[in-house]
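Chemist: predicted model, plus sequence, below.
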Amino acid sequence: MQITVNGSAREIDVDEQMPLLWVLRDELKLTGTKFGCGGGYCGACTIHLDGRPTRACLTPASFAEGKQITTIEGLSENGDHPLQQAWIEHNVPQCGYCQSGQLMSAAALLATNASPSDSDIDGAMTGNLCRCGTYPRIKAAIKTAAT
Ligand code: FES
C-alpha cells in the first residue's frame with residue numbers, strides 16, 4: 001500500500017492491520033515516534049493524521065492510506081518550528097522519551113488555536129504523560145510559542 005509521510009509518498013508492504021507506529025519505526029526508520037504503552041494511554045506515539053493528533057500505536061496502517069501523516073521528523077525542516085525553539089528556550093525535556101509526542105500534540109493545538117488559554121492547553125495535552133514531570137515547562141513553552 002502507499003502512504004504519505006512528511007510530504008513524501010512511501011510504498012510499504014505490510015499487513016494492513018499493522019499499527020502505524022511500527023510502520024513508521026520499523027519499516028520507514030522514523031524512530032522519533034516512540035512506543036510507550038501500546039494502548040493509547042501515554043501519547044508517546046502521537047503523530048498527525050491530516051493535522052489531527054493521532055495515536056500511532058492504535059492506528060492500523062490501512063487507516064492512513066490517502067491521509068497526510070506527519071511525524072516529529074516532519075514538523076519542521078531544521079528544528080525551527082516555534083515550539084521546538086520554545087522547547088529549547090525552556091529546557092523542557094528531562095529524559096526526553098515522551099517529548100516528540102508532547103510536541104506533536106502541542107503543534108496540533110497551535111495549528112487550530114494560535115492563542116490557547118490555560119484550560120485549552122490542559123485539555124489538548126492531558127493525554128500526553130511525562131514520568132519526569134516536565135508539565136510546567138511544557139506549558140510555559142507552549143505559551144512562548146503561542147501568538
Ligand atoms: Fe501509543 Fe502510548 S504508545 S499511546
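Modeler: Arrived safely. Note that the structure is a prediction, hence the values are computed from the model and not measured.
Chemist: contacts, neighbours, all on C-alpha from now
Modeler: OK.
Chemist: list, one by one, the residues from this protein near the ligand.
Modeler: Counting by CA under 6 Å from any ligand atom, the chain comes close to the ligand at 35-45, 55-57.
Chemist: quick one, strands of the protein?
Modeler: Assigned by DSSP state E, the chain shows strands spanning 2-5, 8-11, 46-49, 52-55, 68-70.
Chemist: give the rounded mean pLDDT of stretch 67-75.
Modeler: The pLDDT scores in stretch 67-75 average 98.
Chemist: can you list the domain ranges for the protein.
Modeler: 2-74, 82-145 (automatic domain parsing).
Chemist: coming back round to it: show me which of the residues of the chain next to the ligand are buried.
Modeler: Among these, those classed as buried by 16 or more other CA atoms under 10 Å are 35-36, 38, 40, 42-45, 55-57.
Chemist: any idea how far the closest residue to residue 139 other than its chain neighbours lies from residue 67?
Modeler: Leaving out its chain neighbours, the residue that sits closest to residue 139 by CA to CA, 6 or more residues apart in numbering is residue 121, at 7.1 Å. The gap separating residue 121 from residue 67 is 26 Å, by CA to CA, to the nearest Å.
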